[in-house]
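Colleague: Could you look at this predicted model? Sequence included:
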Amino acid sequence: MRWVESGDVRLAVFEDGDPADPTILLLHGYPDTHRVWDEVAAPLRDRFHVVRYDVRGAGMSTAPRDRRGYGFDELLGDLAAVLDSVGKDRVHLVGHDWGSLQGWEAVGRAGSRDRVASFTSLGGPGLRQFARFRRDGRRRDVVAQAVRTWYIAAFQVPVIPELAWRAVVPRILDRRLRVREGVPPRPGHPAETLVTDGRNGLWLYRRNMFTRLRDPDPRVGGVPVQVIEGSRDGFVTPALTASYGRWVARLWHRRVEAGHWVHRSRPGLVARMIGEFVAHVEGGAAVRELRRAQVGEGRTVFGDRLVVVTGAGSGIGRIHGCRLFGAAMV
C-alpha cells in the first residue's frame, strides 16, 4: 500500500502483479472498499498489473474537508492522480456500482477517455446513459427502474440516512449479502469502516444524482466496453442495461447468474471474463464466448453457434441451409 495525494485527500492505493504487464484498475462501489475485489484480483495478478484504491471517504482513504468534494470532477481527479502515480498512459478500467458510474463518466469525457484502454462495467449505469433512459425509455421500464432505486431519493433527506447507518443499515446489508446474494461476509468485506464509509458515501448521491450535467452526451466514443450483467441484480433492470448499446460503438454484453455483488458470488468467472476481454483488447484472439458476447459490428444472427437445419426428407434441410448460409455447410 502507498499513499497518493489528490487535492485535500490522501488515497490508499494497492498494487499486485508485475508493473510491466498491462494494468487493470479495479474501482469499488458503495459502501465497499478495495477489499471487495480480493477474490477477483488474486487470479488476475499472475497475468496483469492490478491496481486498486479506496475512493475518497472510504476505507483507509481520507474524506474531503468540504462535503461538496464528492462530485465527478473530484472523483475523476482522484482517478487521474492514481494513474499518474502508476506511470501508465492507459489502463483497463473495471468498475462496480459507484465505481462503474465513475468509469462511465471517465469514458464519456474527452479529457479522461484517452487514458482508458477498455472499460468493464458491473452493476452500475452511467448518469448520462441513465438520464437518456429515463427520457426515452418505455414508461413501464422507467418506473420499474425507479422502484429499484428508491433509496436515491431517500438519501437526499438530511440527517435521517446518517442515523439509519448507525442503527439498522449494517444489519440490512448483512442480511442482503447472506440471503439475497449468497455471499457470506468475510474479513475485509464488509469493511470494519462500514458505518463511516456509508455515511461519507451518502454525499456521492447528494452531490451527483440530481445535478445537471454540463455535457449530457451519452456516447462513449471508441472505447471498448464490456458489460457484465448479474441476472438477479436487485438495483439495475435488464431494460436499463440493454439501453447501453445505443451509446457504445464497441460493446460486449455478458450475463452471469448472480446478484448485484457478482464479483463476490462468482469471482472466478468475473476474473476470467475481465482477463479474456483485456487480453483481446491488447491484441489477443477473442475466445468463443467473448465473440458471442459482442453486440453489433459484424455479428450475424447465428455467429459462433452450431446450427442444425432439419428437413422432412429429399434434402429439404440442406436446401434451406444453403439459402441461409451459402456453401459453407457440413
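Modeller: Thanks, I have the structure now.
Colleague: what sits opposite the most centrally placed residue in the chain in the beta ladder?
Modeller: Computing the C-alpha centroid of the chain and ranking residues by CA atoms, centre = their mean puts residue 121 first, at 2.4 Å. Residue 121 forms beta bridges with residue 95, residue 227, as assigned by DSSP bridges.
Colleague: Mind pulling up the pLDDT for it?
Modeller: Residue 121 is assigned 98 on the pLDDT scale.
Colleague: who touches it in this structure?
Modeller: 95, 100, 103-104, 225-228, 244 (CB atoms under 8 Å, 6 or more residues apart in numbering). Every C-beta, even on glycine, is put in place using the N, C-alpha and C of the backbone.
Colleague: One more pass at 7 Å, please.
Modeller: Each residue near residue 121 by CB atoms under 7 Å, 6 or more residues apart in numbering is listed here: 95, 100, 103-104, 225, 227.
Colleague: try residue 199
Modeller: 162, 165.
Colleague: That one - that's part of a helix, no?
Modeller: Yes: using DSSP: H, G, I helix; E, B strand; the rest coil, the assignment for residue 199 is a helix.
Colleague: Show me where the stretch 101-250 of the chain dips below the pLDDT cut-off.
Modeller: Residues of the stretch 101-250 of the chain meeting the criterion pLDDT under 70: 212-213.
Colleague: can we see that at 50?
Modeller: The model of the stretch 101-250 of the chain has no residue with pLDDT under 50.
Colleague: mind listing the strands for the stretch 201-330 of the chain?
Modeller: Counting by DSSP state E, counting those that start in this stretch, the stretch 201-330 of the chain has strands at residues 225-230, 251-256, 294-295.
Colleague: other SSEs contacting the last one?
Modeller: Taking 3 or more CB pairs under 7 Å, 6 or more residues apart in numbering; DSSP states H and E as the contact definition, the neighbouring helices and strands of strand 294-295 are strand 251-256.
Colleague: May I see the buried residues of the strand it packs on?
Modeller: When burial is assessed from 16 or more other CB atoms under 10 Å, strand 251-256 yields the following buried residues: 251-254, 256.
Colleague: Can you list the strands that that strand pairs with?
Modeller: strand 225-230 (parallel), strand 294-295 (antiparallel).
Colleague: Now do that strand: distance to the chain's middle.
Modeller: Remark: strand 251-256 is offset 11 Å from the chain centroid, using CA atoms, centre = their mean, to the nearest Å.
Colleague: State the mean pLDDT of that strand.
Modeller: 98.
Colleague: Format the CA atom coordinates belonging to it as CSV.
Modeller: Provided in CSV are the C-alpha atoms of strand 251-256 (Å, rounded to 0.1, in the frame of the first residue of the first chain):
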residue,chain,number,x,y,z
LEU,A,251,-19.8,-3.3,-26.8
TRP,A,252,-19.6,-6.8,-25.4
HIS,A,253,-22.6,-7.9,-23.2
ARG,A,254,-22.2,-10.9,-20.9
ARG,A,255,-24.7,-12.3,-18.5
VAL,A,256,-24.0,-14.1,-15.2
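Colleague: Please enumerate residues in contact with it?
Modeller: Counting by CB under 7 Å, 6+ apart, 225-231, 244-245, 262, 266, 269, 273, 277, 290, 293-295 sit against strand 251-256.
Colleague: returning to what we had before: out of the buried residues of strand 251-256, who's nearest residue 8?
Modeller: residue 251 (37.2 Å; CB to CB).
Colleague: measure that closest one to residue 206 for me?
Modeller: Applying CB to CB, to the nearest Å, the value for residue 251 to residue 206 is 31 Å.
Colleague: Repeat that for residue 43.
Modeller: Counting by CB to CB, the separation of residue 43 from residue 206 is 37 Å.
Colleague: Kindly report the same for residue 264.
Modeller: Taking CB to CB, one finds residue 264 at 27 Å from residue 206.
Colleague: repeat for residue 27
Modeller: The separation that residue 27 has from residue 206, given CB to CB, amounts to 20 Å.
Colleague: If you count surrounding residues, which of these two has more?
Modeller: residue 27 (28 against 19; other CB atoms under 10 Å).
Colleague: hang on, isn't the more buried one packed against residue 101?
Modeller: No: with contact defined as CB atoms under 7 Å, residue 27 does not reach residue 101; the gap is 9.2 Å.
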